[in-house]
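The amino acid sequence is not available; the structure is as follows:
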């Protein structure tokens, strides 16, 4: 297993803690299905990486999960740049919309489960 720690800006630790305490509904819903090694790997919430914070991250397999909400609608270029910089460290991303998480959790979890299995093998 990889378990690689990505460098991060220490100033983001406090912000990450605040984001964990003030999670969005969709983050809470997905977290209920990811926590406690539900998919055989451990995910963490609001993880600082470089100069960014990702919604969910599994160090063991280098997988980040992002939930794109209304605040992401106008920031496609920013998100692409951010994702590219993090991917340069070998991190793979899965992205879901708020709507997907709210209305189709079963499919979201299937996609995540398949990706986790692929990265474990």
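Thanks, I have the structure now. Everything numeric in this text was worked out from a predicted model, so none of it was measured.

tell me the secondary structure for residue 60?
At residue 60 the chain is in coil, as set by DSSP: H, G, I helix; E, B strand; the rest coil.

how close does it sit to residue 116?
Here the criterion is CB to CB, to the nearest Å. By it, residue 60 lies 9 Å from residue 116. Quick note: C-beta positions are derived from backbone N, CA and C, even for glycine.

Now the common contact residues for the two.
residue 41 (CB atoms under 8 Å, 6 or more residues apart in numbering).

Would you mark the buried spots in the helix or strand hosting residue 31?
Taking DSSP states H and E as the definition, residue 31 sits inside helix 25-34. Along helix 25-34, these residues count as buried under the neighbour rule (16 or more other CB atoms under 10 Å): 26-27, 29-31, 33-34.

in this protein, which ranges drop under the pLDDT threshold?
1-3, 70-74 (pLDDT under 70).

Do a quick rundown of the strands in it.
44-49, 52-58, 63-68, 92-97 (DSSP state E).

Same list, those, but as CSV with mean neighbour count please.
Below are the strands of the chain laid out as CSV (neighbours: other CB atoms under 10 Å):
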stretch, mean neighbour count
strand 44-49, 20
strand 52-58, 23
strand 63-68, 21
strand 92-97, 17
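
With distance to residue 80 added, can I get these in CSV?
Output for the strands of the chain, formatted as CSV (distance: least, CB to CB, whole Å):
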stretch, distance to residue 80
strand 44-49, 15
strand 52-58, 12
strand 63-68, 12
strand 92-97, 11
